[in-house]
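*Asks:* Show me the folded form of this:
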Amino acid sequence: MIQTTVLVIGGGATGAGIARDLALRGVDVTLVDRDGLDSGTTDRSHGLLHSGARYAETDRPSAEESIAENRILKEIAGEAVRETGGLFVQLGDDDPAYFDRKREACEDIGIPTEVIDGDEAKARAPGLPDDVERAFTVPDAITYPARLVAMNAADAREHGASIYPHAPVEEMTVENGRITSVSVGGMVNDEISAEYVVNAAGPWAGKIGAMAGVDINMFLSRGAMTAVEYDELDVVLNRAREPSNADIVVPHESEVILGTTSVPIDDPDDYDRDPAEIDELRTKSAELLPPVEDAPERRTWWGVRPLYAPDDGAGDGRDVSRDFFRLDHADDGVENFVSAVGGKLTTYRQMAESTSDLVAERLGVDAESTTAEQELIGADDPELLDAFVDEFSAAGIADADTVATADRLSPADD
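*Replies:* Sure, this is the predicted structure:
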């Protein structure tokens with residue numbers, strides 16, 4: 001039996017962030033993940049560090065969280081972030097009233113914008129079509145998920161945490177309203193006894209909750225992405241219209257990532273991957289950036305959004321809030337169990353701080369979070385960060401063109 005103060009289940013950005021936050025407070029933490037860190041939703045994103053503009057007029061809390069965390073990560077995450085800026089682009093068929101509403105909402109929240117004409121937009125983003133009416137700038141950026149997760153895990157370990165990248169949770173024992181032990185396979189192959197258990201399993205949060213007899217109503221949707229060769233874009237492109245498929249183009253080193261679709265699913269381990277979604281990404285993204293329609297493909301993948309929808313959500317999931325939720329399962333009869341659900345990559349650190357605040361309160365730990373001010377380990381050393389990625393089996397597909405590791409995935413996904 002392994003003894004620890006806090007067991008964190010899930011080694012994506014949020015789980016690694018929680019492990020780091022608690023370790024910095026002096027708490028004994030153990031982090032487990034089943035398939036290597038960064039192997040779930042965090043890796044299977046497009047790597048956008050949101051400015052909040054995408055949600056400004058429809059989901060103000062998410063927008064406010066995003067711009068706050070955008071600024072923090074640019075300060076603490078070093079070589080895991082690339083500052084590119086972003087454009088919201090109005091094409092000839094797009095509603096100008098939507099453009100104005102979004103920009104005004106950004107200004108009201110405090111997301112800085114600048115309106116530019118079509119010629120200036122094409123100068124900043126070569127390849128835009130001739131029917132560009134205007135655009136406005138936002139402080140979007142790029143993050144490399146593998147590095148971000150690995151540096152959080154390494155920082156947690158530096159402060160005493162134990163990290164197990166290949167250790168699937170198999171069973172939980174609940175007695176008298178408390179989780180008394182967690183059976184973990186793989187490299188652990190033992191039971192873990194913890195004073196507190198944190199569920200940061202993303203799309204699998206419902207399955208982990210069920211092991212403790214807790215119902216967590218996740219709303220899961222799959223999203224397709226494809227990376228194609230194109231090295232002339234240095235700014236994130238967003239289509240200034242109501243959210244729909246293929247309305248974002250994210251630049252990486254010598255490629256761009258086209259995203260994304262949204263299709264509800266039931267099981268994060270078993271869902272269809274429809275090639276027609278990739279064709280749609282190509283065709284519709286070409287309306288915003290024509291050269292991508294025939295550009296050579298680098299790789300294609302699907303990710304699962306771990307949205308939380310206690311009221312079952314609606315439609316394809318685009319109307320479900322991207323805000324995060326901290327579920328204290330003492331309200332469900334399991335007093336030493338909390339789940340961090342919802343949110344997105346941009347707000348992982350805030351999710352981790354909020355969850356760690358609750359855990360610290362329950363444990364009687366007075367130390368406050370310092371993760372917003374303290375630079376992550378290895379922030380200015382990309383070679384060290386990529387060594388951490390290898391060590392924690394965090395190499396993934398979203399940033400495969402940038403993160404140099406010995407254990408890189410092949411260009412094709414499934």
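*Asks:* can we go C-alpha only for contacts and neighbour counts from here?
*Replies:* Fine.
*Asks:* got the contact list for the closest residue to residue 153 other than its chain neighbours?
*Replies:* Spatially, and ignoring its direct neighbours in sequence, residue 153 is nearest to residue 16 (5.2 Å; CA to CA, 6 or more residues apart in numbering). Residues near residue 16 by CA atoms under 8 Å, 6 or more residues apart in numbering: 10, 31, 149, 150, 152, 153, 156.
*Asks:* Following the chain past the strand or helix carrying residue 16, name the next helix or strand.
*Replies:* Assigned by DSSP states H and E, residue 16 falls within helix 13-24. Per DSSP H and E, the first helix or strand lying C-terminal to helix 13-24 is strand 29-32.
*Asks:* who does that following strand pair up with?
*Replies:* strand 2-9 (parallel), strand 162-164 (parallel) (DSSP bridges).
*Asks:* can you give me how far the last one is from the chain middle?
*Replies:* When you say that, I think you mean strand 162-164. Between the centre of strand 162-164 and the centre of its chain there are 21 Å (CA atoms, centre = their mean, to the nearest Å).
*Asks:* Can you give me the buried ones in the helix or strand following it?
*Replies:* Using DSSP H and E, the helix or strand that follows strand 162-164 in sequence is strand 169-175. Residues of strand 169-175 classed as buried by neighbour count (16 or more other CA atoms under 10 Å): 169, 171, 172.
*Asks:* Turn these into a markdown table, including distance to residue 205 and pLDDT.
*Replies:* Output for these, formatted as a markdown table (distance: CA to CA, whole Å; pLDDT from 0 to 100):
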| residue | distance to residue 205 | pLDDT |
| --- | --- | --- |
| 169 | 12 | 98 |
| 171 | 14 | 97 |
| 172 | 14 | 98 |
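*Asks:* ok, so of those, who is nearest residue 381?
*Replies:* The closest of those to residue 381 turns out to be residue 169 (CA to CA; 33.0 Å).
*Asks:* Would you map the helices across this protein?
*Replies:* Counting by DSSP state H, the segments of the chain that form helices are 13-24, 60-76, 96-109, 118-124, 145-158, 205-211, 275-288, 348-363, 382-391.
*Asks:* Run through the residues that contact the closest residue to residue 242 other than its chain neighbours.
*Replies:* Of all residues beyond its chain neighbours, the one nearest residue 242 is residue 98 (7.6 Å), with distances taken as CA to CA, 6+ apart. Residues in contact with residue 98 (CA under 8 Å, 6+ apart) are 240, 241, 242.
*Asks:* burial of the last one, as a residue count?
*Replies:* Put plainly, it is residue 242. For residue 242, the neighbour count with other CA atoms under 10 Å is 13.
*Asks:* Mind pulling up the pLDDT for it?
*Replies:* Residue 242 is assigned 89 on the pLDDT scale.
*Asks:* circling back to that earlier point, next one: the residue nearest to residue 242 from residue 241, what distance?
*Replies:* With the distance defined as CA to CA, to the nearest Å, residue 98 ends up 6 Å from residue 241.
*Asks:* cool, residue 149 as well?
*Replies:* Taking CA to CA as the measure, residue 149 falls 32 Å from residue 241.
*Asks:* what's the answer for residue 41, then?
*Replies:* 26 Å.
*Asks:* repeat for residue 389
*Replies:* Separation of residue 389 from residue 241 (CA to CA): 37 Å.
*Asks:* try residue 202
*Replies:* According to CA to CA, residue 202 stands 29 Å off from residue 241.
*Asks:* Determine the number of other residues adjacent to residue 326.
*Replies:* Residue 326, neighbours per other CA under 10 Å, totals 17.
*Asks:* I misspoke; the intended subject was residue 280.
*Replies:* Neighbours around residue 280, by other CA under 10 Å: 17.
*Asks:* residues contacting the closest residue to it other than its chain neighbours?
*Replies:* Nearest non-adjacent residue to residue 280, counting by CA to CA, 6+ apart: residue 246, 7.4 Å away. With contacts defined as CA under 8 Å, 6+ apart, the neighbours of residue 246 are 258, 259, 260, 261, 280, 281, 282, 284, 285.
*Asks:* before we move on, what about residue 234?
*Replies:* 84, 125, 251, 252.
*Asks:* for the stretch 301-414 of the chain, what are the low-confidence residue spans?
*Replies:* Within the stretch 301-414 of the chain, the stretches with pLDDT under 70 are 311-322, 405-414.
*Asks:* Where do the strands of the stretch 201-350 of the chain begin and end?
*Replies:* 218-229, 236-239, 248-251, 255-259, 263-265, 297-308, 324-328, 337-342 (DSSP state E, counting those that start in this stretch).
*Asks:* between the last one and helix 348-363, how many degrees?
*Replies:* Read that as strand 337-342. Compare the direction of strand 337-342 with that of helix 348-363 by axes from the mean of the first three to the mean of the last three CA atoms, to 10 degrees and you get 160 degrees.
*Asks:* And strand 337-342, how far out from the chain middle?
*Replies:* For strand 337-342, the distance from its own C-alpha centre to the chain's C-alpha centre is 15 Å (CA atoms, centre = their mean).
*Asks:* cool, and the third one?
*Replies:* Taking CA atoms, centre = their mean, the mean C-alpha location of strand 248-251 is offset from the chain mean by 16 Å.
*Asks:* Which pair of the contacts of residue 16 spans the longest distance?
*Replies:* Among the contacts of residue 16, the pair separated by the greatest distance (CA to CA) is 10 and 156, at 14.1 Å.
*Asks:* Between those two, tell me which one has more neighbours.
*Replies:* residue 10 (32 against 28).
*Asks:* How about the more buried one, nearest residue that isn't a chain neighbour?
*Replies:* Residue 10's closest residue in space is residue 201 (CA to CA, 6+ apart), at 4.4 Å.
*Asks:* Surely that neighbour is in contact with residue 218?
*Replies:* No: contact between residue 201 and residue 218 fails when scored by CA atoms under 8 Å: they sit 11.4 Å apart.
*Asks:* low-scoring pLDDT stretches of the protein, where are they?
*Replies:* 311-322, 405-414.
*Asks:* who's in contact with residue 189?
*Replies:* By CA under 8 Å, 6+ apart, the contact set of residue 189 is 167, 183.
*Asks:* any idea how far the residue in the chain sticking out farthest from the centre lies from residue 334?
*Replies:* Residue farthest from the centre of the chain, counting by CA atoms, centre = their mean, is residue 176 at 35.1 Å. Distance, residue 176 to residue 334, using CA to CA: 8 Å.
*Asks:* Thanks a lot, see you next time.
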